[in-house]
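>>> Build me a model from this:
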Amino acid sequence: MRPPSWKRVGRPILIIFTALAFALSGMMPTLEEHIRVARAATLTVCSSGCDYATIILAVNASSDGDTISIGTGTFYVTSSISLASKAKIFDGAGAANTTLIASSSASYIFTNTTDAGLATTYTIKEMTINEQSGTAPGILSFNGQTTPVTLNFTDNIVTSFGNTARGLLLVSSGNTSGITATITGNTITMDGAADLVFDWDGVGTTSTITVATNTVTNGLDTFNYTNGSGVGSTVTFNSNTASGFGSSMATISGGTTINIYSNTVTGGNTNDGIVVYPDTGGTTNIYSNSLTMGNGTSNNGIDVFLSSLQVTSTQMNIYRNTITGSDIGINIGGNSSSAGVTNVYNNVLYDLNSVGIFGSSENAVNNIFNNTIDNSPAGIDASDADSGTQLNIINNSFTDTGKGGAYVLACGTGNEKIFNNNVYTYTSLNLSCGTFSLGSKGNISVVPGYKNHNTNDFSLSATSTCSAGSDNCDSGMTSTTVFHAHV
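The predicted structure follows:
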């Protein structure tokens, strides 16, 4: 009898040892993860006919990886629930059917400060979450996780949270292996303008975050993100509507790729709309936002800051935004360590209380072109720009600016290139902007020919003098391409 062939014995042994080596090196799912997937179960909660009648009983009976399915009815949470080694996925039957009432003064409804030791998913979706009078818990807080975390908070209705020290969702420091978050489709009404909503507080790890299609009334910030020591994060904030906030619609400090677009601010808010302090070497796009602001204390529709800690080689694009009512439409701040390129173009800024565009970043390139600024004391104020700043002001349309002691254009000690602008109805034209005057270098003064100035339609009519190619003073609202200066 012949001994077994290599194919019958050696190859299976080789495969087994290879698989074992991969598992030991972390390239295959661990045994613990296999066991967790195999035993994952769905535990149901409802008033009758389900596995459990209360959420806390279901959580206590669950294991990591399980799902708690909450049926139709109203369910009370009377104490904070620890999710350590327990189910972290909570599915409601729809916000119109499932109501969770937090009748506890505990810090958060759901918490986890114990390291799961493996990739974890938190999900809270499709339910109404409320609180009783006199209580003020947040919804979810976790920290201390050393493995990747996925967070889904979707299609919920949240009302009446009133503790100024807690966010509905708090992701704090101590999470070290990456967070992927999707926060979408929620309708949230806070008690006041000082309550936190979505709070990423010095996370210290790379994150990929999407906050989209939420409607938020009141609260301190709809979204407050601070990355701490984490770098390389991608933050997307889009299609949200906010009003009544106490600080800003969104404050984002950190992030290598930041996209903020198609958001709406209503209600004449007197605080800042969008505030961004990006990471070094990244790209930020802020576009197609509609911000109806109120007259505050130097409040900005869009406020970006380029400092030594944030930007040394960053490109920032701010375009196709419509901003009205604030003191400053777009504020570009910075210090002596600023650098990079900021493109501000195709924006409509009108009925402002101080300045259309304020540029104080230093040692940077600011390209300001194809913007429409209407009814603002100052048009573009770059009086704080230093000698290291390159300021290109091209193809902008100014109407009813340079008044109340301010100027259409004000410059500092930077290098300015001012071409092809249209200035119509003004009192004071130029403060320290070199030889800038109308009638030279393509700068002209003609009636803009807006389609309907009275209804704030600042697109140009077919008969507009500015539409002539030789004048080249079109505000360019249909253009999305970067303008190349005629120098």
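>>> Go through stretch 417-426 and flag the buried ones.
Within stretch 417-426, the residues that count as buried by 16 or more other CB atoms under 10 Å are Lys417, Ile418, Phe419, Asn420, Asn421, Asn422, Val423, Tyr424, Tyr426. Glycine gets a C-beta too; all of them are placed from N, C-alpha and C.
>>> Quick check, the last one in contact with Ala406.
Read it as Tyr426. No: the pair Tyr426 / Ala406 is not scored as a contact, 9.9 Å apart, by CB atoms under 8 Å.
>>> so where is the stretch 51-200 of the chain shaky, pLDDT-wise?
104-106, 132-137, 160-167, 172-173, 192-194 (pLDDT under 70).
>>> for it, what spans make up the helices?
Remark: helices assigned in the stretch 51-200 of the chain by DSSP state H, counting those that start in this stretch are 55-61.
>>> give me the number of residues near Pro278?
Neighbour count for Pro278, taken as other CB atoms under 10 Å: 26.
>>> Where does the residue nearest to it when sequence neighbours are not counted fall, secondary structure wise?
Once flanking residues are discounted, Pro278 sits nearest to Thr284: 4.8 Å by CB to CB, 6 or more residues apart in numbering. In this structure, Thr284 sits in strand 283-287 according to DSSP states H and E.
>>> residues of that strand that come out buried?
Within strand 283-287, the residues that qualify as buried by neighbour count (16+ other CB under 10 Å) are Thr284, Asn285, Ile286, Tyr287.
>>> Columns pLDDT on top of those residues, output as JSON lines?
Below are the buried residues of strand 283-287 laid out as JSON lines (pLDDT from 0 to 100):
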{"residue": "Thr284", "pLDDT": "92"}
{"residue": "Asn285", "pLDDT": "95"}
{"residue": "Ile286", "pLDDT": "97"}
{"residue": "Tyr287", "pLDDT": "97"}
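>>> Need the pLDDT of the closest residue to Ser243 other than its chain neighbours.
Leaving aside its chain neighbours, Ser243 sits nearest to Gly267 (3.6 Å; criterion: CB to CB, 6+ apart). On the pLDDT scale, Gly267 is placed at 75.
>>> Just name the closest of the buried residues of strand 283-287 to Ile260, please.
Taking CB to CB as the measure, Ile260 sits nearest to Ile286 out of these, at 4.7 Å.
>>> For the closest one, give the beta-bridge partners.
Ile260, Ile318 (DSSP bridges).
>>> Grab the most central residue of this structure for me.
Geometric centre of the chain, nearest residue: Phe237, 3.7 Å, by CA atoms, centre = their mean.
>>> ok and the helix or strand harbouring it relative to strand 283-287, angle-wise?
Using DSSP H and E, Phe237 maps to strand 234-238. Interaxial angle, strand 234-238 versus strand 283-287 (axes from the mean of the first three to the mean of the last three CA atoms, to 10 degrees): 0 degrees.
>>> Give the partner strands of strand 234-238 in its sheet and their orientations.
Sheet pairing of strand 234-238 (DSSP bridges) gives strand 207-212 (parallel), strand 257-261 (parallel).
>>> Report the rounded mean pLDDT for the longest one.
Summarised as a single mean, pLDDT over strand 207-212 is 93.
>>> Could you identify the helix or strand that succeeds that strand?
Using DSSP H and E, the next helix or strand after strand 207-212 towards the C-terminus is strand 215-217.
>>> For that next one, which strands pair with it and how are they oriented?
Here strand 215-217 is paired, per DSSP bridges, with strand 187-190 (parallel), strand 241-243 (parallel).
>>> Put the alpha carbons of the longest one into PDB.
C-alpha atoms of strand 187-190 as PDB (Å, rounded to 0.1, in the frame of the first residue of the first chain):
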ATOM      1  CA  THR A 187     -35.400  66.100  13.200                       C
ATOM      2  CA  ILE A 188     -34.200  67.600  16.400                       C
ATOM      3  CA  THR A 189     -35.600  70.300  18.600                       C
ATOM      4  CA  MET A 190     -33.500  71.400  21.600                       C
END
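>>> what comes up buried for it?
In strand 187-190, counting by 16+ other CB under 10 Å, buried: Thr187, Ile188, Thr189, Met190.
>>> Just give me the closest of those residues to Met316.
Distance to Met316, by CB to CB, is smallest for Ile188 among these, at 28.8 Å.
>>> one step back: the residue nearest to Ser243 belongs to a helix?
No: under DSSP: H, G, I helix; E, B strand; the rest coil, Gly267 sits outside any helix and is assigned strand.
>>> helices or strands next to whatever helix or strand Ile368 lives in in the packing?
Assigned by DSSP H and E, Ile368 belongs to strand 365-369. When contacts are defined as 3 or more CB pairs under 8 Å, 6 or more residues apart in numbering; DSSP states H and E, strand 365-369 sits against strand 341-345, strand 355-359, strand 390-394.
>>> and these, which is most packed in?
Burial of these is given as mean neighbour count (mean count of other CB atoms under 10 Å); strand 355-359 ranks first at a mean of 27.
>>> Show me the strands paired with that one, marking each as parallel or antiparallel.
Note on strand 355-359: by DSSP bridges, its sheet partners are strand 328-334 (parallel), strand 378-382 (parallel).
>>> tell me the mean pLDDT for that strand?
93.
>>> Convert the C-alpha atoms of it to CSV, please.
The C-alpha trace of strand 355-359 is given here as CSV (Å, rounded to 0.1, in the frame of the first residue of the first chain):
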residue,chain,number,x,y,z
VAL,A,355,-18.5,93.8,5.0
GLY,A,356,-19.1,91.5,2.1
ILE,A,357,-15.8,89.7,2.2
PHE,A,358,-13.2,90.3,4.9
GLY,A,359,-9.7,89.0,4.3
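>>> Give me the angle between that strand and strand 390-394.
150 degrees.
>>> Gly94 reaches Glu126, doesn't it?
Yes: counting by CB under 8 Å, Gly94 touches Glu126, with 5.1 Å between them.
>>> where do the contact lists of these two overlap?
Common neighbours of Gly94 and Glu126, counting by CB atoms under 8 Å, 6 or more residues apart in numbering, are Asp155.
>>> which one of the two has more residues nearby?
Glu126 (20 against 14).
>>> quick one: contacts for the more buried one?
Asp91, Gly92, Ala93, Gly94, Ala95, Thr98, Thr154, Asp155, Asn156.
>>> how about 6 Å then?
Applying CB atoms under 6 Å, 6 or more residues apart in numbering to Glu126 gives the contacts Gly92, Gly94, Asp155.
>>> From Asp91, how far off is it?
Going from Glu126 to Asp91 by CB to CB, to the nearest Å gives 6 Å.
>>> isn't Tyr108 right up against Glu131?
No: using CB atoms under 6 Å, Tyr108 is not in contact with Glu131; the gap is 11.8 Å.
>>> Which pLDDT does the model give Gly246?
Reading off the model, Gly246 has pLDDT 81.
>>> What number of residues are in the vicinity of the residue nearest to Ile209 when sequence neighbours are not counted?
Among residues not flanking Ile209 along the chain, Ala181 sits closest, at 4.6 Å (CB to CB, 6+ apart). The number of residues packed near Ala181 is 21, by other CB under 10 Å.
>>> now swap in Gly439 and tell me
Number of residues near Gly439 (other CB under 10 Å) recorded here: 8.
>>> swap in the one 5 residues further on?
When neighbours are defined as other CB under 10 Å, Ile444 has 19 of them.
>>> picking that back up, how close does the residue nearest to Pro278 sit to Ile139?
Noted for Thr284: a distance of 29 Å to Ile139, by CB to CB.
>>> Repeat that for Ile55.
For Ile55, the distance to Ile139 equals 13 Å [CB to CB].
>>> Much appreciated, bye for now.
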